[in-house]
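In: sequence and computational prediction follow.
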Amino acid sequence: PIPLQHGAHRTGKRMDADMAKWRGYGLGQFIHWGLYSILEGKYKGKYYNGAAEWIRSWKEVPNAEYDVLNKQFNPATFNATAWAKMAKQMGVKYLTFTTKHHDGFCLWPSKYTDYTIESSPYKKDIVKEVVDAYTKEGIDVYLYFSIMDWHHPDWRYDLKTKEDSIAFDRFKLFTKNQLTELLQRYPQTKGLWFDGTWDNSWKKSGAFTDSLEQYLKSLVPGLIIGSRLRADEKGNRHVDANGVLMGDYEQGWERKIPKTYADVHGNDWDCVMTIPENGWGYAEKWMGHWKTTNELIEMTAQCVSLGGNFVVNFGPKADGSFRKEEIANAKEIGEWMKINSDAIYNCEYAGWEKQDWGYYTKKRGEDKVYMIVFNVPLSGSLKIKPSANYVVEKATLLEGKQQLSTEKLDYGASFIQLPKGKTFVKPFVIVLDIKPVKQQEEAGPKAKT
Ligand SMILES: COc1ccc([C@H]2[C@H](O)[C@H](O)[C@H](C)N2C)cc1
């Protein structure tokens with residue numbers, strides 16, 4: 001391997017209790033809320049065809065006019081408890097919340113800039129309200145923080161001149177101070193979700209990103225930070241020059257889901273997903289297809305079946321209310337999770353050959369495999385092919401506990417027969433009680449005695 005000072009300091013998964021809890025979340029919520037929510041993806045009657053939270057970068061919006069939106073931000077009816085209760089009902093186990101997006105506006109009263117919630121008519125500490133409300137509902141909170149800060153005079157996209165480096169040194173200190181502030185003001189924080197780290201200025205700061213990560217983890221032992229923070233000394237991000245992940249989990253799965261287990265390279269990972277095709281902040285007209293609840297449930301199953309978590313993004317309006325489509329998705333996902341969450345929480349990749357009917361998940365540390373079924377064959381027979389080290393003892397519908405008959409086939413496969421005449425109108429789960437079997441020794445020629 002290439003000798004690196006600031007590459008990965010660990011190979012393989014983090015195996016402590018905090019990370020084990022993270023690994024078992026299954027389903028999470030992302031929330032993007034900020035000044036961009038006021039513009040709703042449009043400006044002076046024109047609709048922005050980019051992601052709504054990026055509208056400041058649209059040529060139609062003069063920066064000076066965007067930057068004074070802090071004077072308008074006043075979600076008087078905002079109710080963090082209502083948000084947390086909606087999330088609880090949905091069945092999410094963790095929240096990632098935007099403290100500062102690329103526009104540099106801080107939803108907490110930072111003492112390192114005036115561009116904060118204190119400069120708005122609302123004044124109150126939104127980050128605190130959210131952290132407290134979600135923690136009270138038993139949902140772990142992770143704080144999203146954009147390194148790239150379009151509003152800060154010392155932000156640089158690249159370091160070309162001495163002046164750039166002097167300014168960026170001030171910016172790095174500003175960043176370290178703000179992160180220290182967040183972790184000290186909100187000690188319930190379980191981790192940090194970094195964004196805005198793709199520019200050359202950051203890629204040239206590998207040593208700093210390494211010392212910053214170590215510093216943050218010294219403030220909060222067990223703090224969870226994904227692969228979007230670090231750069232190695234050669235400017236590599238996510239994986240270092242030796243192909244080793246830098247961070248506690250892979251954060252590259254943004255609106256993308258791995259196809260196979262090989263694609264995750266043995267790392268922990270989660271997928272963050274918009275319900276529309278793109279756009280994280282509230283947009284009056286959303287981008288393309290709005291995912292149905294069944295699609296979101298299938299994506300959740302797909303992620304958990306490959307050893308990851310699935311995180312659904314919500315973009316509340318400037319007043320803190322959610323659009324009706326998001327409320328419906330949350331409610332319907334929650335109704336499904338109420339019945340089927342056994343197949344999602346604390347489950348992992350089963351390693352069995354995938355079948356057309358849907359996805360396998362395996363309960364961590366137990367001899368239980370779940371079949372999450374989305375496609376019922378006309379035959380009513382669901383084929384399974386357990387891995388060679390397990391046999392299936394029993395198959396039961398999770399909802400209603402009805403036992404299903406199975407029929408052995410060749411090559412270690414079996415059919416699981418769905419009850420005749422029963423029609424399934426929603427994704428459902430079959431629980432397989434399995435038993436480990438000793439690997440049959442290959443029958444070879446008897447050794448000469
Ligand atoms: C350049 O492509 C990008 C850059 C940033 C993003 C940001 C979004 O604004 C949102 O915050 C998402 C989590 N993040 C990756 C998305 C795509």
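Out: Cool, got the structure. Numbering: from 1, shown residues only.
In: helix/strand/coil for the nearest residue to Thr300 once chain neighbours are set aside?
Out: Spatially, and ignoring its direct neighbours in sequence, Thr300 is nearest to Phe310 (4.3 Å; Cβ to Cβ, 6 or more residues apart in numbering). (Glycine included, C-beta is placed from N, CA and C.) The assignment at Phe310 comes out as strand when based on DSSP: H, G, I helix; E, B strand; the rest coil.
In: identify the bridge partners of Phe310.
Out: For Phe310, the beta-bridge partners are Leu27, Cys271 (DSSP bridges).
In: that one is in contact with Ile297, isn't it?
Out: No. With contact defined as Cβ atoms under 8 Å, Phe310 does not reach Ile297; the gap is 9.4 Å.
In: list of residues touching stretch 277-292?
Out: Contact with stretch 277-292 is made by 30, 32-34, 36-37, 40-42, 47, 49, 51-53, 55, 101, 255, 273-276, 299, 313, 315-318, 323, 325, 329, as judged by Cβ atoms under 8 Å, 6 or more residues apart in numbering.
In: quick check: residues of this protein near the ligand?
Out: His32, Ala51, Glu53, Trp54, Asp195, Glu254, Val272, Trp280 (Cβ under 6 Å from any ligand atom).
In: before we move on, the earlier item: how many residues are close by the residue nearest to Thr300?
Out: Neighbour count for Phe310, taken as other Cβ atoms under 10 Å: 25.
In: contacts only, for it.
Out: Counting by Cβ under 8 Å, 6+ apart, Phe310 has contacts Gly26, Leu27, Gly28, Asp270, Cys271, Met273, Leu296, Met299, Thr300, Gln302, Cys303, Val304.
In: Glu233 too?
Out: Residues in contact with Glu233 (Cβ under 8 Å, 6+ apart) are Leu4, Gln5, His6, Gly7, Gly206, Ala207.
In: try Asp268
Out: Lys13, Arg14, Met19, Trp22, Arg23, Asp248, Tyr249, Glu250, Gly307, Gly308.
In: any idea how far Pro386 is from Leu404?
Out: 15 Å (Cβ to Cβ, to the nearest Å).
In: more neighbours: those two, which one.
Out: More crowded of Pro386 and Leu404, by other Cβ under 10 Å: Pro386, with 20 against 17.
In: state the pLDDT value of that one.
Out: Looking at Pro386, its pLDDT reads 97.
In: and Tyr112, by the same measure?
Out: pLDDT for Tyr112: 98.
In: how many residues are close by it?
Out: 16.
In: now do the one 5 residues further on
Out: Here the number of neighbours of Ile117 (other Cβ under 10 Å) works out to 22.
In: ok, so what distance separates it from Asn313?
Out: Noted for Ile117: a distance of 21 Å to Asn313, by Cβ to Cβ.
In: quick revisit: what's the closest of the contacts of Phe310 to Val392?
Out: Val304 (20.0 Å; Cβ to Cβ).
In: quick one: the helices in the protein?
Out: Remark: helices assigned in the chain by DSSP state H are 17-23, 36-39, 63-67, 80-90, 126-136, 162-185, 200-203, 206-219, 293-305, 324-340.
In: returning to what we had before: columns distance to Thr81 on top of the contacts of Phe310, output as a markdown table?
Out: Shown next, in a markdown table, are the contacts of Phe310 (distance: Cβ to Cβ, whole Å):
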| residue | distance to Thr81 |
| --- | --- |
| Gly26 | 24 |
| Leu27 | 20 |
| Gly28 | 19 |
| Asp270 | 26 |
| Cys271 | 28 |
| Met273 | 25 |
| Leu296 | 24 |
| Met299 | 28 |
| Thr300 | 25 |
| Gln302 | 32 |
| Cys303 | 28 |
| Val304 | 28 |
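In: give me the PyMOL select line for those residues, limited to the buried ones.
Out: Buried members of these can be picked out in PyMOL with the line below, counting by 16 or more other Cβ atoms under 10 Å:
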select buried, resi 26+27+28+270+271+273+296+299+300+302+303+304
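In: mind putting the residues of the chain next to the ligand into CSV with pLDDT and neighbour count?
Out: Shown next, in CSV, are the residues of the chain next to the ligand (pLDDT from 0 to 100; neighbours: other Cβ atoms under 10 Å):
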residue, pLDDT, neighbour count
His32, 99, 23
Ala51, 98, 20
Glu53, 98, 26
Trp54, 98, 19
Asp195, 98, 18
Glu254, 98, 14
Val272, 99, 20
Trp280, 98, 26
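In: about what we covered before: show me which of the contacts of Asp268 is closest to the ligand.
Out: Closest to the ligand out of the contacts of Asp268 is Glu250 (13.6 Å), distances taken as Cβ to the nearest ligand atom.
In: the closest one: what's it in contact with?
Out: Glu250 neighbours (Cβ under 8 Å, 6+ apart): Gly226, Ser227, His238, Val264, His265, Asn267, Asp268, Trp269.
In: nearest residue to the fourth one other than its sequence neighbours?
Out: In space, not counting the residues next to it along the chain, Val264 is nearest to Pro258; the distance is 5.3 Å by Cβ to Cβ, 6+ apart.
In: now the one you found: how far from Thr180?
Out: Counting by Cβ to Cβ - Pro258 and Thr180 are separated by 35 Å.
In: of those two, which one has the most company?
Out: Pro258 (19 against 14).
In: for that one, give me the pLDDT.
Out: Confidence score, pLDDT, at Pro258: 98.
In: equivalent analysis for Leu27, please.
Out: On the pLDDT scale, Leu27 gets 99.
In: my guess is it meets Met337, correct?
Out: Yes. Using Cβ under 8 Å, Leu27 is in contact with Met337, at 7.0 Å.
In: overlap in contacts, those two.
Out: Joint contacts of Leu27 and Met337 (Cβ under 8 Å, 6+ apart) are Met90, Gly91, Ile344.
In: quick one on the thing from earlier: just the ones of the residues of the chain next to the ligand in strands?
Out: Among these, the ones falling in strands (DSSP state E) are Asp195, Val272.
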